[in-house]
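S.K.: following is a predicted model, sequence given first.
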Amino acid sequence: MVVAAREQEAPTRKRRRIQVAGAQVAGHRRPSSGAAKTIAATVTALVMADTMAITLALPSLSHDPITRTLPVTVVSMLTTVNLAAVAALLATAGRLADLLGRRAVLAAGLTLFAAGAAALVVGPLWPVVLAGRLVQGVGAALMLPSALGLLLGHVRDGHRRAAVALWGSATGIGGLAMHGLGGLVLDEHGWRALFVPIGVSAIALLLLVGVLPPSPAAQRVLPDLLGMLALVAAIAALMLIIFYNGTWGWSSPATLAAAAVTVGGFWLAVARSRSHPGGAVDPALWRCPGFIWGLLTSLLYGVLAFPGLLLAPLVLHERGMSVAEAGLALAPLSATLIVSSLLASRLTRRIGTSGSMYAGAYLSAAGFLVVFATPHAPWGSLAGLFVLGAGLGLVSTTASIAGTVKVDPARYAAAVGAITTGRMLGGAVGPAIAMAYLSSTAQRPDAGYRDILVGCVALTLLLAACALVRGLRHRAGTRLGASPAAATPTAGSATASAEDVARLREVLQRQRARLEAIAQAAEDELAALTRPAPVRTPARATYPTLSAPVSPREGSV
């Protein structure tokens with residue numbers, strides 16, 4: 001009975017120990033994620049506000065003493081060098097954050113970003129202002145992937161979608177703040193005042209980063225600096241081709257040289273990554289489920305969203321609105337984008353990333369159509385902006401969720417950097433195509449804006465069709481293959497880190513060894529108790545009878 005009681009008690013003890021071990025391993029205590037959420041959201045809002053600030057400041061630079069004599073193409077380099085630096089360094093910055101530590105890379109990015117903002121505020125000469133804008137781009141590239149990678153490393157496995165949604169909604173917060181207040185600050189204090197709160201906020205975040213525990217390097221290998229420099233040069237050359245194709249010409253020596261740098265840089269980076277563990281391109285990242293889908297949709301989002309967002313202020317300015325009035329007119333789009341980004345995490349959990357992407361693309365197409373159909377109706381345009389903001393928020397956040405939710409924790413920052421790079425490249429290609437179209441047709445932005453909206457509608461419908469096909473194929477594969485529960489991993493099991501899995505495996509192996517020993521001992525004791533006892537028969541002894549005569553030979557010894 002004692003053995004039977006132990007045998008009945010063993011599975012109970014096993015379940016309790018495994019539950020405790022699993023809770024300690026899969027959901028081990030991490031540092032509080034409050035500071036990480038604040039830092040990641042503020043970093044994203046800060047970068048978005050900085051991008052909107054230079055867009056608002058460009059018209060005012062024509063009256064500034066240091067830029068009054070410069071041509072428009074030279075002044076526009078404030079935007080070009082910043083976007084080129086961000087796009088060129090994002091993927092490399094994410095890889096460096098995973099290899100060297102995300103907190104250290106984030107601190108370096110905030111330092112550079114604050115220094116660049118200070119150069120814009122007090123720079124007395126044009127080269128100083130341009131250099132400050134370039135330094136800001138380098139800092140922003142270091143900040144974005146390391147901040148979200150740091151956040152994903154601090155939240156629990158089941159909360160990663162919500163963390164990415166918070167990061168995406170912060171983009172709308174930065175745009176809303178600059179739309180609502182940037183024009184007023186510009187009118188009252190000049191364009192330099194726009195970068196004062198940006199620099200102060202960067203310094204405050206730098207102090208707050210010290211509250212976080214150190215984030216050790218995930219893979220503990222030295223980065224391939226030559227391969228990373230080749231990748232940076234390739235993306236920077238590609239951005240220059242996109243920005244200056246109308247000025248250089250496709251057959252000019254500058255374009256051909258930039259194309260050679262692009263091809264050669266990509267080839268060298270990929271070739272060195274095959275043999276170097278710290279290469280610029282991580283091959284394992286491209287094999288993660290959903291990463292390529294998130295990258296492609298992020299690229300397409302940049303192509304379809306940025307032309308409308310960048311040309312809208314120009315159109316409103318041509319219609320007689322001031323900078324402040326144009327910012328307030330576009331504020332509903334940013335406000336709706338915040339709400340839809342926060343709802344994207346729940347929507348992707350319910351209907352998947354394909355369904356959420358389809359819904360976002362459908363709403364975006366509807367918003368573009370409403371704006372197209374009501375060019376001079378204020379209420380119609382307002383409704384279109386609300387619908388468009390909801391759609392764009394779903395598309396951008398779903399793309400980030402799809403590309404990061406199933407990535408190994410050691411590659412969070414690299415995944416964020418690659419996906420954001422795709423978005424930046426799309427954001428450069430889209431406006432370049434729009435401006436090339438306006439130049440070829442000799443139209444003003446106000447006249448050709450509706451044609452660009454038609455192109456945006458076509459791209460959103462293409463994105464919706466791709467999402468629909470992907471969702472149907474996934475559903476068909478689930479029906480033909482395993483059950484949905486087996487085909488769709490849970491949020492806690494699919495994203496467990498390698499360290500957590502190793503600990504849990506070790507605990508389970510020890511428990512299995514103990515239970516096997518107990519089971520073997522129980523089987524031996526049970527066999528001993530149930531084995532039939534041998535019948536012991538007394539040995540027969542022959543004794544001489546009293547009546548029988550005893551011979552002397554038998555009785556002798």
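M.R.: Yep, it's here.

S.K.: what sits closest to L300 if chain neighbours are left out?
M.R.: Excluding the flanking residues, the one nearest L300 by C-beta to C-beta, 6 or more residues apart in numbering is L463, at 5.4 Å. All C-beta atoms are positioned from the backbone trio N, CA, C, and that covers glycine.

S.K.: which parts of the host helix or strand of that neighbour are buried?
M.R.: For L463, the host element (DSSP states H and E) is helix 445-480. Within helix 445-480, the residues scored as buried using 16 or more other C-beta atoms under 10 Å are 445, 448-449, 452-453, 455-457, 459-461, 463-464, 466-468, 470-471, 474.

S.K.: for stretch 232-246, same thing?
M.R.: So stretch 232-246, judged by 16+ other C-beta under 10 Å, has buried residues 232-245.

S.K.: now stretch 190-199, how far from the chain's geometric center?
M.R.: 29 Å (C-alpha atoms, centre = their mean, to the nearest Å).

S.K.: what comes up buried for it?
M.R.: Applying 16+ other C-beta under 10 Å to stretch 190-199 flags W191, R192, L194, F195, V196, P197, I198, G199 as buried.

S.K.: S354: which of these is nearest?
M.R.: Of all these, I198 has the smallest distance to S354: 37.1 Å, by C-beta to C-beta.

S.K.: hmm, the closest one is touching A118, no?
M.R.: No - I198 lies out of contact with A118 (C-beta atoms under 8 Å); the separation is 10.0 Å.

S.K.: quick one: the closest residue to T51 other than its chain neighbours and V135, what's the gap?
M.R.: Leaving aside its sequence neighbours, T51 sits nearest to N82 (C-beta to C-beta, 6+ apart; 7.7 Å). Distance of N82 to V135, computed by C-beta to C-beta, to the nearest Å: 9 Å.

S.K.: what does V405 give?
M.R.: V405 is 33 Å from V135, by C-beta to C-beta.

S.K.: between the two, which one's more packed in?
M.R.: V405 (26 against 23; other C-beta atoms under 10 Å).

S.K.: neighbours of the closest residue to the more buried one other than its chain neighbours, how many?
M.R.: Once flanking residues are discounted, V405 sits nearest to R160: 5.5 Å by C-beta to C-beta, 6+ apart. R160 is flanked by 23 other residues according to other C-beta under 10 Å.

S.K.: using the three-state scheme, assign T420.
M.R.: helix (DSSP: H, G, I helix; E, B strand; the rest coil).

S.K.: near it, how many other residues are there?
M.R.: T420 has 27 neighbours, counted by other C-beta under 10 Å.

S.K.: per-residue pLDDT, it?
M.R.: For T420, the pLDDT comes out at 85.

S.K.: tell me the pLDDT at the residue nearest to V405?
M.R.: 76.

S.K.: helices along the stretch 51-200 of the chain, start to end?
M.R.: For the stretch 51-200 of the chain, the helices defined by DSSP state H, counting those that start in this stretch occupy 72-75, 77-100, 102-122, 126-154, 160-177, 183-189, 196-209.

S.K.: between those, which one is nearest to I54?
M.R.: helix 77-100 (5.7 Å).
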